[in-house]
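Novice: Sequence plus predicted model, see below.
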Amino acid sequence: MHNLNPLHQLTTREREVLRRIHDGQSTRQIANALAISPATARTHAYNVLLKLGARSRIHAAAVATPFTVRLRPPEPAPPPTPDPLVRLTHRERDVLAYMIEGLTRVRIAECLRLSPHTVRTHARNILAKLGVHSTLEAAAVVRRLSQAS
């Protein structure tokens, strides 16, 4: 007998990706939630579309809607951290302050008497801890927090 549930074609990981697509998550959000790279998340999403015969993520979510009760229920959201800057070390806060001022990595290194490589490492850690992808986004987070206080 032919199974009418299109979700049976999907792997466990693809079902998780589909659930997150259904919840409206972006590729980056899916990647972060599943601790995979954005490229891997994109590949899983592409495979979901292919296996479901869907033209878009919206179409895939629509195809899956009658079967969503079979998808794993959403994970509870972690409690929000009131101030993401709390997670930064003292040195990372120093680097962030210079980044927001628009200084180059080399100039920040000179000001803090660090190597440019160390500044790059701090910058990567800062962006990861703040959950942003650019200095511009980091500056927006700092501005938002300073306006809230």
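Specialist: Everything's here; your move.

Novice: Run through who's touching stretch 125-132.
Specialist: Stretch 125-132 is touched from outside by 32, 84-85, 87-88, 92, 95-96, 99, 133-135, 137-138, 140-141, with contacts defined as CB atoms under 8 Å, 6 or more residues apart in numbering. Placement of C-beta: from N, CA and C, glycine included.

Novice: low-scoring stretches of this protein, by residue?
Specialist: Within the chain, the ranges that satisfy pLDDT under 70 run 1-6, 65-75, 77-82, 147-149.

Novice: Domain map for it?
Specialist: Split into domains by automatic domain parsing, the chain comes to 6-70, 84-148.

Novice: how distant is stretch 16-24 from the center of its chain?
Specialist: Distance of stretch 16-24 from its chain centroid, counting by CA atoms, centre = their mean, to the nearest Å, is 14 Å.

Novice: How about stretch 119-132?
Specialist: With CA atoms, centre = their mean as the basis, stretch 119-132 stands 13 Å off its chain's centre.

Novice: List the buried residues of that stretch.
Specialist: Neighbour-count burial for stretch 119-132, counted by 16 or more other CB atoms under 10 Å, picks out 119, 122-123, 125-127, 129-130, 132.

Novice: swap in stretch 20-32?
Specialist: Within stretch 20-32, the residues scored as buried using 16+ other CB under 10 Å are 20-22, 25, 27, 30-31.

Novice: Quick check: the two most widely separated of those?
Specialist: For the buried residues of stretch 20-32, the maximum inter-member distance is 16.4 Å, found between His22 and Ala31 (CB to CB).

Novice: that older thread, pull out the buried residues from the contacts of stretch 125-132.
Specialist: Buried subset of the contacts of stretch 125-132 (neighbour count, 16+ other CB under 10 Å): 84-85, 88, 92, 95-96, 99, 138, 141.

Novice: about what we covered before: so which of the buried residues of stretch 20-32 are in helices?
Specialist: Among the buried residues of stretch 20-32, the members found in helices (DSSP state H) are 20-22, 27, 30-31.

Novice: got CSV for the buried residues of stretch 20-32, with distance to Gly53 too?
Specialist: CSV is the format used below for these (distance: CB to CB, whole Å):
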residue, distance to Gly53
Arg20, 20
Ile21, 15
His22, 16
Gln25, 22
Thr27, 20
Ile30, 21
Ala31, 24
